[in-house]
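Asker: Generate a structure from the sequence data that follows.
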Amino acid sequence: MKIFETPDQEQQTENDSFLSKKMQRRNFLTYAGASAAGLALVAAGCKKDNNDFNKGINLGSGDIGILNYAYALEQLEAAFYTKVAASFYKDIPSAEIALFTDIRDHEIAHREFFKAVLGSNAIPSLEVDFSSIDFTSRTSVLGASKAFEDLGVSAYNGAGYLLKNGAYLTIAGKIVSVEARHAAYIRDLITPGSFAGSDVVDANGLDKSRTPMEVLGIAKTYIKSQINASNLPS
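Answerer: Numbering: from 1, shown residues only. Below you'll find the predicted structure:
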């Protein structure tokens, strides 16, 4: 698949119309974020090398590369929550069914948004592997969900400043705020009355962030398709 550095003019016009607001400060997302926590997501990614991402499906460069990077992660999250909702764990309360369904719908909407914006520049659907997650266990599902949400927040926050188009940065800021709401809700389900922790928010009240290579190293456990991120801006 050929990846262009910028969308075609028609797509760009549509995007700018849809995303009309501009962020005043490009550095906003560099000060927010969360490190991935829980389960094998962290352990799996801590030793990954950048050389793992110089072959396979090419994300592209510039803003297109960052949008495809976000699209890849939204594919992963949407696939996870779709599987959760397809067969909920035993004795799940109705309130949790409703909220997991909402999260699934949000992630699908995010995935489809990026697919539409990228148009012909979009990477193909990725193959995922959730065999290490026990979807019949509440503990396993909540642990994986917490890790995915924290990872997603950290991903947007670590890549937002790389975007050149202010309209794209605006939508990234809107999406990461939704992901953070998901993360807070999942944490509260795991430990009632909580919504964050020192593992994701530092002493200054600022969220942590991760670089694209760090995030992909962690997510690689669940994405079977090879991803080439070598052309991403840094």
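Asker: so how far is residue 221 from the residue nearest the centre of the chain?
Answerer: A centroid search over the chain (C-alpha atoms, centre = their mean) returns residue 152, at 3.4 Å, as the residue closest to the centre. The spacing between residue 152 and residue 221, counted by C-beta to C-beta, to the nearest Å, is 15 Å. Heads up, the C-betas are built off the backbone N, CA and C, glycines and all.
Asker: Run through the helices of this structure in chain order.
Answerer: 9-18, 39-45, 62-86, 94-118, 138-159, 166-190, 212-219 (DSSP state H).
Asker: contacting residues around the residue sitting furthest away from the middle of the chain?
Answerer: Among residues of the chain, the one most distant from the C-alpha centroid is residue 91; the distance is 28.6 Å, by C-alpha atoms, centre = their mean. Contacts of residue 91 were listed using C-beta atoms under 8 Å, 6 or more residues apart in numbering, and they are residue 138.
Asker: Can you tell me how far it is from residue 55?
Answerer: For residue 91, the distance to residue 55 under the criterion C-beta to C-beta works out to 45 Å.
Asker: re earlier: so can I have JSON lines of the helices of the chain showing distance to residue 234?
Answerer: Compiled in JSON lines, the helices of the chain are given as follows (distance: least, C-beta to C-beta, whole Å):
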{"stretch": "helix 9-18", "distance to residue 234": "23"}
{"stretch": "helix 39-45", "distance to residue 234": "18"}
{"stretch": "helix 62-86", "distance to residue 234": "10"}
{"stretch": "helix 94-118", "distance to residue 234": "20"}
{"stretch": "helix 138-159", "distance to residue 234": "10"}
{"stretch": "helix 166-190", "distance to residue 234": "17"}
{"stretch": "helix 212-219", "distance to residue 234": "8"}
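Asker: Any regions of this structure where pLDDT drops low?
Answerer: Residue ranges of the chain with pLDDT under 70: 1-51.
Asker: if you set the cut-off to 80 instead, what comes out?
Answerer: Low-confidence regions of the chain, defined here as pLDDT under 80, cover residues 1-52, 54.
Asker: hmm, back to that, any idea how far the residue farthest from the centre of the chain lies from residue 138?
Answerer: From residue 91 across to residue 138, the span is 8 Å (C-beta to C-beta).
Asker: For residue 98, grab the count of nearby residues.
Answerer: As a burial measure, the neighbour count of residue 98 was computed by other C-beta atoms under 10 Å and equals 10.
Asker: picking that back up, for residue 70, see how far away the residue lying closest to the residue nearest to the centre of the chain once chain neighbours are set aside is.
Answerer: If you skip the residues right next to it in sequence, residue 152 has residue 179 as its closest partner in space, 4.5 Å away by C-beta to C-beta, 6 or more residues apart in numbering. Taking C-beta to C-beta as the criterion, residue 179 is separated from residue 70 by 11 Å.
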